[in-house]
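Visitor: make a model of this:
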Amino acid sequence: MNGGIRMDDKKRTITLSAINVFQKKGIEKTTVSEIVRGAGIAQGTFYLYFPSQLSVMPAIAEILIEKTLQQFDKQFDRKADFLTQLKQIIDIVFGYTEKYHDLYAILFVGMGSNKQLNQWEAIYEPYYELISDVIKEAQKNGEVQQTLPPKKIAVMLIGFIESAADQSYLFDRADTKAVQVKKEDLIVLLTSGLVLTP
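Guide: Okay, here's the model as predicted:
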């Protein structure tokens, strides 16, 4: 299922080092020299891949999407009915947002301040394709309205669920019970607009 994100090994090493330093020191206090020290490379090698420390942000987003797709490989049941799949999607999104909330916080600040948000859609493309395929299958099975375009539904669905997860883990730091209520509310909201009732 994993949709083909493949990052050059050296770029990955630099990106993972940047993640480590950003998490320890914050974006403003991180220097390129600290990133290259952690990556075990020469400073010139860094600049072959990135013009500045903030330009690493899209590569961090790529790694997060890669981890997301790996979670789908492990947790997602392609043979389940759409309602079960929708619950699984919500659980996966909430799970990785909780696990990587510090990276998402870095991305919000870093990509916004460096005007790189226009790259977000391209980075998310394999993720959109995955969910779009799920929607197409559900439409074929008569579980989801046929009139809605799968790709647009996928983009909106991911955005909506991620926004709810961000509110829970990045902004509110909600407790377990509040998170569960939010997930249940999401199911009600999303199924009322998507799912065909028999």
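
Visitor: in the longest helix belonging to the chain, what's buried?
Guide: Counting by DSSP state H, the longest helix found in the chain is helix 120-140. By neighbour count with 16 or more other Cβ atoms under 10 Å, helix 120-140 contains the buried residues 123-124, 126-139. Heads up, the C-betas are built off the backbone N, CA and C, glycines and all.

Visitor: show me which of these is closest to residue 106.
Guide: Among those, residue 123 lies closest to residue 106 (Cβ to Cβ), at 14.8 Å.

Visitor: so who does that closest one touch?
Guide: Applying Cβ atoms under 8 Å, 6 or more residues apart in numbering, we find residue 123 in contact with 58, 61, 62, 65.

Visitor: residue 35 too?
Guide: 14, 17, 18, 21, 46, 53, 56.

Visitor: secondary structure class of it, three-state.
Guide: Following DSSP: H, G, I helix; E, B strand; the rest coil, residue 35 is assigned to helix.

Visitor: now the longest helix of the chain, how far from the centre of its chain.
Guide: Relative to its chain's centre, helix 120-140 lies at 13 Å (Cα atoms, centre = their mean, to the nearest Å).

Visitor: offset the numbering so it begins at 340, please.
Guide: Sure thing, new numbering starts at 340, so read that last one as helix 459-479.

Visitor: avg pLDDT for it?
Guide: The pLDDT scores in helix 459-479 average 92.

Visitor: how far away is the closest residue to residue 472 other than its chain neighbours from residue 404?
Guide: Distances taken as Cβ to Cβ, 6 or more residues apart in numbering put residue 489 closest to residue 472, at 7.7 Å, once the chain neighbours are dropped. Applying Cβ to Cβ, to the nearest Å, the value for residue 489 to residue 404 is 19 Å.

Visitor: and of the buried residues of helix 459-479, the nearest to residue 505?
Guide: Distance to residue 505 across the buried residues of helix 459-479 (Cβ to Cβ) is lowest for residue 463, with 14.6 Å.

Visitor: that closest one: what's it in contact with?
Guide: Applying Cβ under 8 Å, 6+ apart to residue 463 gives the contacts 404, 497.

Visitor: against residue 373, how distant is it?
Guide: Noted for residue 463: a distance of 29 Å to residue 373, by Cβ to Cβ.
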